[in-house]
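**Q** I would like to see how this sequence folds:
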Amino acid sequence: MKKNDLKQQLKEMSVEELQNENIALLKEQMSFRIQRAIGQLKKNHRMKEIRRSIARIKTILTEKSKNTEMKMGDKE
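**A** Prediction:
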């Protein structure tokens, strides 16, 4: 999947879905860290992909929270 497609897909997700995806990625990241520590990690490139995906999700969550705050400020 292309990076832009992933970004668009993430932006269409709800906040709850994004948080669930973030938790799943954090669990996968922890699993890979353990595998790397004991020398069983086969897919080194996935560590970088997961780290960047987590960052993308956090960025989108921040954007959504700021948009919500701005909308709430406009109503007052």
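**Q** What are the boundaries of the helices in this structure?
**A** Taking DSSP state H, the helices of the chain run over residues 3-12, 15-37, 44-75.
**Q** Alpha carbons of the shortest one, in CSV - could you do that?
**A** What follows is helix 3-12, C-alpha atoms only, in CSV (Å, rounded to 0.1, in the frame of the first residue of the first chain):
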residue,chain,number,x,y,z
LYS,A,3,2.0,6.0,1.9
ASN,A,4,-0.6,8.4,0.6
ASP,A,5,-3.3,5.7,0.5
LEU,A,6,-2.5,4.8,4.1
LYS,A,7,-2.7,8.5,5.2
GLN,A,8,-6.1,8.9,3.5
GLN,A,9,-7.3,5.6,5.0
LEU,A,10,-6.2,6.7,8.5
LYS,A,11,-7.8,10.2,8.1
GLU,A,12,-11.1,8.5,7.3
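**Q** returning to what we had before: okay, the helices of the chain in JSON lines with mean neighbour count and mean pLDDT next?
**A** Just so you know, the C-beta spots here come from the backbone N, C-alpha and C atoms, and that holds for glycine as well. What follows is the helices of the chain, written out as JSON lines (neighbours: other Cβ atoms under 10 Å; pLDDT from 0 to 100):
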{"stretch": "helix 3-12", "mean neighbour count": "11", "mean pLDDT": "83"}
{"stretch": "helix 15-37", "mean neighbour count": "13", "mean pLDDT": "95"}
{"stretch": "helix 44-75", "mean neighbour count": "12", "mean pLDDT": "88"}
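**Q** can you dump the C-alpha coordinates of stretch 45-63 into CSV?
**A** Extracted in CSV, the C-alpha atoms of stretch 45-63 (Å, rounded to 0.1, in the frame of the first residue of the first chain):
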residue,chain,number,x,y,z
HIS,A,45,12.3,-3.4,8.3
ARG,A,46,8.9,-3.8,10.0
MET,A,47,10.3,-2.0,13.1
LYS,A,48,10.8,1.2,11.0
GLU,A,49,7.4,0.8,9.4
ILE,A,50,5.6,0.3,12.7
ARG,A,51,7.4,3.3,14.3
ARG,A,52,6.4,5.5,11.4
SER,A,53,2.8,4.2,11.4
ILE,A,54,2.5,5.0,15.1
ALA,A,55,3.7,8.5,14.4
ARG,A,56,1.2,9.0,11.6
ILE,A,57,-1.6,7.9,13.8
LYS,A,58,-0.6,10.2,16.6
THR,A,59,-0.3,13.1,14.2
ILE,A,60,-3.8,12.5,12.8
LEU,A,61,-5.2,12.1,16.4
THR,A,62,-3.6,15.5,17.3
GLU,A,63,-5.1,17.1,14.1
